[in-house]
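>>> generate a structure from the sequence data that follows.
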Amino acid sequence: MLERQRGPVAVSWSELRAHTDGPGGSRDLLHGHLTKVARLAGELASVFGDAERGYLLGVLHDVGKFTPGFQEYLVRLEAGERLSHGPPHAVWGAALAYWLIYERGRDDEGWKEPCLPVAGHHGGLAGAGALALRLHEFVGLHAAELREIGVSLREAGVLPKGWRLRGPERGNTSREFRIRMLLSALADADCLATEEHFHPEVSARRPGWPTMEELWRRFVANQTELLERASQKPTAVNEVRREVYECCVSAAGLAPGLFRLTVPTGGGKTRSGLGFALRHACEHGLGRVVVAVPYTSITDQTAREYRGIVGEDAVVEHHSQVETREAESDAPEAVRERLATENWAAPVIVTTTVQLFESMFADRPGKVRKLHNLAGATIVLDEVQTLPSALLEATLDGLQTLAREYKSSIVFCTATQPAFEAIPCLRDFGDLAVREMVPGYAAHFAALRRVEYEVRAEPLGWDDLANEVRAQRQALVIVNTRRDAMALLEALKGDAHVLHLSTLLCGAHRRRVLEGIRRRLEMGIPVRAICTQVVEAGVDLDFPIVYRAIGPLDRIVQAAGRCNREGRLEGRGRVIIFQPREGGAPRGTYQKGMEQAKLLIEREGAAGLQEPEVYREYFERLFSYEDLDAKKVQVCRRELDYPETARRYRFMEESVPAMVPYGEAEARLADWQRGPSRERWQKLQLYVVNFMVWEAKRLEAEGWLQQLSEGLYYWLGKYDRVRGVVADARDPSDLIQ
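Model (predicted):
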C-alpha cells in the first residue's frame, strides 16, 4: 500500500486529501474525490457515447495529489500561508496514462484522448506536439512513482483494467473536437464535485430543472392565450406569425439535423423558434435548448421573453464573464472563481454567438466546461447572417460535427439567409441536408411588405441630417460607427427628445433606454433615437421612419425591421438609405458587404430590397471574395494545436469588462467582491462596458481605468446619461464597441 510522507507523519492512501477542509472541517479525501469525478465525468460523457473514457479521465485527473509536495501544500494553506499556486498535479495523471499506454506497446496516437484533457483540466489544453515532449521527459524522470501510483489505484479498485484508445484518424477535425468535449465533461465533473465539498448549499440548489415536457406544456398554454388574443384583432402580421408557428411545430417531428428558419422581420421567429426547439426536444429526447444571438442587447430581450413564456426557473442568460484563474491553485478565492463559471445545465440557455462559438474552439477549461451540454441539444442560431466569414469554414465544420456525431439539431434563423450549402467555395453538408422549416416563406415576405425603401443620391452631412430628423416626431437613425453616432448627437445637441444606443452604454443603461424608446413610441411622444448596429437585429422597436447609413445589405434589411414592425401605419413606413458625407465604416468584411450592397442597389433599385432571393445572391457574391478560413483555424485544428486554435478563432479582438458608475453598479460590485458566484456575476455584468485589451492597458496607464481583479476593471472617467462612457480628454468614439 502506498504511503506518503508529510513532514514526520506517514499518510496512507486512505488519508490523502484532494482539497483543504470544507465548511465545518469536512474532509475531501482523494479516493472519494477521484471516484466521484470519475462517476460524474462518465455520466456526462455518456451523452455522446464516451462514458468509459470519461470515467478514466476522472480517475486520472488528480492523481498528482498523491505526491508529498501537494499534501504539504494543503497543510500550509490551512496554516494560513498565502500561496498563489501549488505543485503541478495535472501532469501526473496524463503521464500515468502515457506511461501505461507505452508500457503495453500500444499505438502512438491513442495517448491523446486521455492525456490532453487530463493535463489541461486546470491550465488549459496544450498543443499535442508540445505535450508529447513534456510527457516523454516526465515519464523518464518519474517512472517508479508512476508505477507505484498505478498499483495503488488498481488495488483500491479505482483504475479500470483497460480503456478504449481508438479515435478518428490523424488530421480529422472531429478528433480535435472530441478531445475538447472530453475536457468539457471532465472539467464540469471536477467543478461539480469540488463545489459539493466547498459549497454544499450551492450544490444542493442545482437539481430540479423542469423537464422539456413540462416546458412544452407551459409554452402551449402561453401560446394558446396569445393566439386567442390575436384572433380578436386579425392582421396580416398576426396571420403570418400563426402560419410560421404551425410550420415550426410541424417540422419538430423531423429527425435531428440541420434546419433553416426563414422569416421576415416581425414574423415571430423568436417565439416560433422556441416552440420548434421544445417540441423537437420532446419528440427526440433532446436535453436542452441553446439560443445564440449576435448582440447582448438581444440576449436581454430574448431571455425576458422566454422567461415570460416558460418561467423564471427554466432560463439562464449567459453572454460574458470575468476570466477566472485556472492555474493549479486550491486557495479558497481561486476555487470560488473557478466555480463561478457557467456550465449550461439549465434546460433553456440564452447566449451570444461569440460566447457559443469561441467556447467551441477554446482551450481553457472555464470556457470549455459547458460544451458537453451541446450534445443532444437543439441549438438555435438567430441572425445567422452575422457569423464572421473569415471563420465560416471552421464554424460550419463544428456545427456539422455536433449534428453528425453528437445528435444535436442546428437551426439557422434569419430574414436574410446566407444559404450556406449553396455556396460553391464552401464544402457541402454532405448527407446532412438543410431542411426548410417554413417552405412558403416567400409569401410571408410579400404579405409583410410594411416599408418602402428610398435611396438618397447625394451624400448627407450631419447638420443636414440633424435638421431632417428634428422635423420628424419619431425617427430612428442607424449609423455605421460610434464616431458617427457621436457626431450626429453633437449636431442634435439641445434636442430634449434625443436618445442614444450603442455599446458605450452598459447593459442596464441600454435596457433602460430601450424601455424609454418603447414607452415614447407607444404613447406617441416625440423620440429621435441615434444608434449603432446594436438595435437592428432582433430588437423590438416600431418607428414610422428609419434612416440607415449605407452598409452591408443584410444590415439594411435588418434596420428596416425596426420600421412599421407591427403594421400599424395606414400606409407603409419609410426606410431612407443615405451616404454620410463625413461618415466612416468598419473595415474588412463589413466594408466588402457595403460595396456589394451598393452594386446590387444600383442594379435592382430600392424595390429589389423586398426580394429574399436578392439576399441569397448578395451572400454568394460576398463569400466568393472571402477566404472562409482566412485565419487558418482548420490547419491548427488538424494539428491538435489547441492554444493557437483558440488564439485564431476570435470573433473580435480580445476584450475585458469594466464596471461603470451607473445604477446599482456599486452594490453589485460589493456583492461580487464578497465572493464570486454565478448569480452575482449575472447581476454584475449588467453594469460593465467592454474594452479591447490593448485599449484597456492604455486607458489604465492614462488613469481612466483601475484594475479591480484579474480581468475586471473600473471606469474612472465620466459616464454620461446619454452618451455613456466618455473620457473628458478623449474622443469617446475612439473607445471600443
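
>>> would you map the helices across the stretch 501-650 of the chain?
507-523, 553-560, 589-604, 612-624, 633-638, 642-648 (DSSP state H, counting those that start in this stretch).

>>> tell me the most buried of those?
The highest mean neighbour count among the helices of the stretch 501-650 of the chain, using mean count of other Cβ atoms under 10 Å, belongs to helix 553-560: a mean of 26. For every residue, glycine as well, the C-beta is placed using N, CA and C.

>>> tell me what angle it forms with helix 589-604.
80 degrees (axes from the mean of the first three to the mean of the last three Cα atoms, to 10 degrees).

>>> can you classify I298 as helix, strand or coil?
For I298, the secondary structure call by DSSP: H, G, I helix; E, B strand; the rest coil comes out as helix.

>>> C248 versus that one, what's the distance?
For I298, the distance to C248 equals 19 Å [Cβ to Cβ, to the nearest Å].

>>> how does the chain divide into domains?
3-204, 212-321+328-446, 449-610, 653-734 (automatic domain parsing).

>>> can you list the buried residues in the helix or strand harbouring E214?
Here E214 sits within helix 212-231, counting by DSSP states H and E. Judged by neighbour count (16 or more other Cβ atoms under 10 Å), helix 212-231 contains these buried residues: M212, E214, L215, W216, R218, F219, N222, Q223, L226.

>>> hmm, back to that, F619 is nearest to which of the domains of the chain?
Across the domains of the chain, F619 has its closest neighbour in domain 212-321+328-446 (4.3 Å, Cβ to Cβ).

>>> mean confidence score for that closest one?
Average pLDDT, domain 212-321+328-446: 87.

>>> when you give positions from now on, start the count at 13
Sure, I'll start counting at 13 from here, so that last one is domain 224-333+340-458.

>>> how far does that domain sit from its chain's centre?
In terms of Cα atoms, centre = their mean, to the nearest Å, the centre of domain 224-333+340-458 is found 12 Å from the chain centre.

>>> next one: stretch 82-101
In terms of Cα atoms, centre = their mean, the centre of stretch 82-101 is found 34 Å from the chain centre.

>>> packing partners of the longest helix seen in the chain?
With secondary structure taken from DSSP state H, the chain has its longest helix at helix 140-167. Applying 3 or more Cβ pairs under 8 Å, 6 or more residues apart in numbering; DSSP states H and E, one finds that helix 140-167 contacts helix 102-115, helix 124-131.

>>> next secondary structure element downstream of that helix?
Past helix 140-167, further along toward the C-terminus, the next helix or strand under DSSP H and E is helix 185-210.

>>> what angle sits between that following helix and helix 140-167?
Calculated by the same axes, to 10 degrees, helix 185-210 forms an angle of 50 degrees with helix 140-167.

>>> how far off helix 124-131 does helix 185-210 point, in degrees?
When the same axes, to 10 degrees is applied, the directions of helix 185-210 and helix 124-131 differ by 40 degrees.

>>> quick one: buried residues of helix 185-210?
Residues 185-210 are the ones in helix 185-210 that count as buried (16+ other Cβ under 10 Å).

>>> so how far is the longest helix of the chain off the chain centroid?
That offset, for helix 140-167, works out to 36 Å (Cα atoms, centre = their mean).

>>> what about it, average pLDDT?
Summarised as a single mean, pLDDT over helix 140-167 is 89.

>>> quick one: buried residues of it?
Neighbour counts over helix 140-167 (16+ other Cβ under 10 Å) mark 140, 143-144, 146-147, 150-151, 154, 158, 161-162, 164-165 as buried.

>>> do stretch 711-730 as well
Going by neighbour count (16+ other Cβ under 10 Å), the buried part of stretch 711-730 is L711, E712, W716, L717, G723, L724, Y725, Y726, W727, L728, G729.

>>> so among these, where is pLDDT lowest?
G723 (80).

>>> thought it was touching V668?
Yes - the pair G723 / V668 is scored as a contact, 5.8 Å apart, by Cβ atoms under 8 Å.

>>> what's the neighbour count on the nearest residue to A267 once chain neighbours are set aside?
Distances taken as Cβ to Cβ, 6 or more residues apart in numbering put H296 closest to A267, at 7.4 Å, once the chain neighbours are dropped. Residues contacting H296 under the criterion other Cβ atoms under 10 Å number 16.

>>> check R584 too.
By other Cβ under 10 Å, 15 other residues sit near R584.

>>> what of E84?
E84 has 17 neighbours, counted by other Cβ under 10 Å.

>>> tell me the angle the host helix or strand of it makes with helix 102-115.
Taking DSSP H and E as the definition, E84 sits inside helix 80-90. Put simply, helix 80-90 runs at 160 degrees to helix 102-115, going by the same axes, to 10 degrees.
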